[in-house]
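Visitor: curious how this folds, go ahead:
(one chain, ligands or ions: 1)
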Amino acid sequence: MSSTHLGRDLVIEFARVTEAAALSCAGLIGRGDEKAADAAAVEGMRNSLNTLPINGTVVIGEGERDEAPMLFIGEEVGSGGADVDLAMDPLEGTTICAKGQPNALAVIAAAPKGGLLNAPDVYMDKIAVGGGLPEGVIDLDKSVEENVRSVAKAKGKTIDQMIVCVLDRPRHVDKIKELRSLGCGVKLIGDGDVAGVIDTTNEEAGVDLYIGAGGAPEGVLAAAALRCIGGQFQGRLLFRNDDERARARKWGIKDLDRKYTLTELASKEVIFAATGVTDGSLLEGVRRKPGGFTTETIIMRSETKTVRWIKAFHPDED
Ligand SMILES: O=P(O)(O)OC[C@H]1O[C@](O)(COP(=O)(O)O)[C@@H](O)[C@@H]1O
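Guide: Next up is the predicted model:
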């Protein structure tokens with residue numbers, strides 16, 4: 001196996017991993033306990049990963065070794081095989097899962113060694129659009145208005161037909177005000193910007209552009225997905241203090257102001273898998289059915305741009 005590709009036989013294996021995470025936390029949907037839901041998803045994902053024929057290293061996971069007992073950065077997982085770097089969020093949207101709201105996902109991205117940016121757990125300023133638009137249609141260094149006008153023009157839409165997805169946070173108040181004063185519709189999401197970014201690629205979600213600051217690890221995961229499904233993404237790390245800057249340096253980041261493109265965040269061929277925990281724009285959530293559970297998973301591979309949806313029935317264990 002070459003160092004820039006992952007074997008296609010691994011693809012379906014990663015669907016099992018996100019299914020396991022989603023099934024493990026499904027019983028905690030709407031129970032108001034974010035920590036328990038997250039812990040269950042982490043354990044489910046880790047157990048499943050450890051059955052995979054890979055030599056996996058967690059590059060984005062639950063945090064640093066001293067703060068996360070499982071799936072910490074640097075943890076080795078798998079039962080032996082190809083060298084694979086892994087970025088994961090066993091429960092993307094812990095709060096939405098705990099509240100029983102839409103768009104909680106179990107997510108993983110896999111690439112050959114060095115293929116995913118070791119992003120520290122800081123914020124990232126992000127901008128994303130779906131596929132089929134001219135390269136350079138978005139630019140993090142341009143104003144909100146310039147980006148909206150550029151994407152509207154490329155899509156042949158008027159500004160008032162544009163829907164921009166933004167995380168509903170006080171830090172975005174000015175952006176939201178500006179978007180509304182331009183005449184755009186703003187889709188505010190409470191959490192879950194991996195799904196928010198992927199929505200730009202999904203006609204049915206009706207999102208033309210994603211902008212705003214969210215987690216940097218989620219930025220790498222979203223970039224991995226767009227690398228497979230098509231689209232453009234740019235991100236820049238945001239630091240609130242010297243401790244966060246030191247974290248970034250520790251993971252080898254030298255230029256702290258760098259604007260990352262999609263292929264710098266996910267630089268080699270990637271596999272991306274996500275299973276719905278709660279119902280969302282992308283996937284149906286875990287459903288209780290007589291005798292078991294159903295899951296819905298999307299799994300993509302950048303090398304071939306194949307996108308598969310896997311609907312599975314998991315019988316109750318005896
Ligand atoms: O809630 P904050 O601090 O604004 O961070 C935003 C980040 O939190 C999320 O909404 C949810 O993350 P968790 O799953 O870790 O709770 C991400 O999708 C997003 O990138």
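Visitor: ok, what's across the strand from Ile60?
Guide: Beta-bridge pairing for Ile60 (DSSP bridges): Ala87.
Visitor: contacts only, for it.
Guide: Contacts here follow CB atoms under 8 Å, 6 or more residues apart in numbering; on that basis Ile60 touches 73, 86-89, 116, 118-119, 217, 220-221. Where C-beta positions appear, they are placed from N, C-alpha and C, glycine not excepted.
Visitor: now Val270
Guide: Residues in contact with Val270 (CB under 8 Å, 6+ apart) are 6, 109-111, 115-116, 224, 227-228, 301-302.
Visitor: for Leu226, same thing?
Guide: Contacts for Leu226 (CB under 8 Å, 6+ apart) come out as 128, 197-198, 201, 232-233, 262.
Visitor: can you read off the pLDDT for it?
Guide: Here, the pLDDT recorded for Leu226 equals 97.
Visitor: please tell me how far it sits from the ligand.
Guide: Computed as CB to the nearest ligand atom, to the nearest Å, the Leu226 to the ligand distance reads 15 Å.
Visitor: and for Gly56?
Guide: In terms of CB to the nearest ligand atom, Gly56 sits 21 Å off from the ligand.
Visitor: circling back to that earlier point, report the two of the contacts of Val270 separated the most.
Guide: Distances among the contacts of Val270 were taken as CB to CB; the most separated pair is Leu116 and Arg301, at 14.7 Å.
Visitor: which regions of this protein sit below the pLDDT cut-off?
Guide: Counting by pLDDT under 70, the chain has low-confidence residues at 1-5.
Visitor: again, 90 this time
Guide: For the chain, the stretches with pLDDT under 90 are 1-10, 63-69, 251-252, 317-318.
Visitor: that one: helices as residue ranges?
Guide: 11-26, 34-49, 94-99, 144-155, 173-182, 193-198, 216-229, 242-250, 262-265 (DSSP state H).
Visitor: follow-up on the earlier one: what's the closest of the contacts of Ile60 to Cys165?
Guide: Leu221 (16.0 Å).
Visitor: ok, and the closest non-adjacent residue to the closest residue to the ligand within the stretch 101-250 of the chain?
Guide: In the stretch 101-250 of the chain, the residue that lies nearest the ligand is Gly214 (2.9 Å; CB to the nearest ligand atom). Once flanking residues are discounted, Gly214 sits nearest to Asp193: 3.9 Å by CB to CB, 6 or more residues apart in numbering.
Visitor: hmm, back to that, which of the contacts of Ile60 are buried?
Guide: The neighbour-count test (16 or more other CB atoms under 10 Å) marks 73, 86-89, 116, 118-119, 217, 220-221 as buried among the contacts of Ile60.
Visitor: before we move on, the earlier item: most neighbours among the contacts of Leu226, which one is it?
Guide: Ile198 (31 neighbours; other CB atoms under 10 Å).
Visitor: how about Asp85, what does it touch?
Guide: 56-57, 59, 110-116.
Visitor: selection in PyMOL covering whichever of these are buried, please.
Guide: The following PyMOL line selects those of the contacts of Asp85 that are buried, judged by 16+ other CB under 10 Å:
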select buried, resi 56+57+59+110+111+112+115+116
